[in-house]
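# Sequence and computational prediction follow.
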Amino acid sequence: LMARGRPVLGEDGECLGAVFTLVNITTMKVLDQVKSEFVAKVSHELRSPLSTIHEQLALVLGEMVVEAESERGHYLLSRAKEKTRGLISLIGDLLDLSRIESGAVTREPVMVSLDEMLRSIVDFMQARVQAKKISMTAELPDEPLPEIKADPAALESIFGNLIANAINYTQEGGEIRVRAALEGDRLHVDVSDNGFGIEEKYLDKIFERFFRVKNEKTRFITGTGLGLPLVKGLVDALKGTISVKSQPGKGTTFTVFLPLETDKPECAGNLQDLL
Ligand code: ADP
């Protein structure tokens, strides 16, 4: 059941009571589940032949002697290999998303040092950053942050995606900062860039599946529109929050809060949670 409620106010604004609507969403849930299972099955079936095609193209390209007459063939095969790689990563994202939707997101949580992980993601991405002449810095506290109990693959996916986006949507010579700090019983991580920015009307939409902003600056950037829905799903599963602030032409900041204890019992204080 899904509940919606609103207060009923008298003429002078005094509260007379409340109206609650209860909607039976069982059918919607079942349909959603069938859709998720279908996507997972199809993605799974497509992944293995595509991986074979990718491997075989890589083999042919590796063995090919490039001469003037085979140059075009080499170029076309390389493009085909790149496109298959794109499809494999799209399928990987779809599988991850359907896993989140079926509630089986996170594997066995372990104690993870988020500052070490952020440092290694930033190091790992340096080659991509340097190729684009972007400067990327990690601002982490001198004292190590307390470890967080979570699935390391989920954390890597969250921050890897946010940092990859910052690189993709920032022009040459730009700057990216990754900051992390302890705030009470939560970890606060900011990924900010001074890139293209996002118009306010799209700020909610970017977390929807397949949504991509199309404008003069972004039309040549390839992507699937699945990165942020995946990030949001993972942050939700870790009982954290994610928000975004952006100004077109100035840059974007994604802010993630993660509780140190991800498996605390939830507060059942409001009606929506109870139902
Ligand atoms: P993808 O990057 O594959 O298109 P995402 O779901 O990761 O998919 O992002 C959705 C859209 O949000 C992107 O297409 C882009 O328009 C916008 N976006 C995401 N991150 C940034 C950023 N750091 N700066 C500007 N735009 C961004």
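All right, it came through fine.

# Tell me the residues of the stretch 51-200 of the chain that contact the ligand?
165-166, 169, 193, 195-198 (Cβ under 6 Å from any ligand atom). For the C-beta atoms, the positions are set from N, CA and C on the backbone; glycine is no exception.

# For those, could you give me JSON lines that also reports neighbour count and pLDDT?
Shown next, in JSON lines, are these (neighbours: other Cβ atoms under 10 Å; pLDDT from 0 to 100):
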{"residue": "Asn165", "neighbour count": "22", "pLDDT": "96"}
{"residue": "Ala166", "neighbour count": "27", "pLDDT": "97"}
{"residue": "Tyr169", "neighbour count": "21", "pLDDT": "96"}
{"residue": "Asp193", "neighbour count": "28", "pLDDT": "98"}
{"residue": "Gly195", "neighbour count": "24", "pLDDT": "96"}
{"residue": "Phe196", "neighbour count": "22", "pLDDT": "96"}
{"residue": "Gly197", "neighbour count": "19", "pLDDT": "97"}
{"residue": "Ile198", "neighbour count": "21", "pLDDT": "97"}
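
# Which ones among these map onto strands?
Asp193 (DSSP state E).

# Leu50: what secondary structure?
helix (DSSP: H, G, I helix; E, B strand; the rest coil).

# From here on, call the first residue 29.
Fine by me, first position is 29 from now on; the one you just mentioned is Leu78.

# ok now do it, which residues does it touch?
Going by Cβ atoms under 8 Å, 6 or more residues apart in numbering, Leu78 touches 112, 115-116, 119.

# of those residues, buried ones?
Applying 16 or more other Cβ atoms under 10 Å to the contacts of Leu78, the neighbour count classes 112, 115-116, 119 as buried.

# tell me the pLDDT at Leu29?
For Leu29, the pLDDT comes out at 75.

# if I read this right, it contacts Met56, doesn't it?
No. Contact status for Leu29 versus Met56: not in contact, 11.4 Å apart, counting by Cβ atoms under 8 Å.

# ok, back up a step: put together JSON lines for the buried ones among the contacts of Leu78, with secondary structure on each row.
JSON lines is the format used below for the buried ones among the contacts of Leu78 (three-state DSSP):
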{"residue": "Thr112", "secondary structure": "helix"}
{"residue": "Leu115", "secondary structure": "helix"}
{"residue": "Ile116", "secondary structure": "helix"}
{"residue": "Ile119", "secondary structure": "helix"}
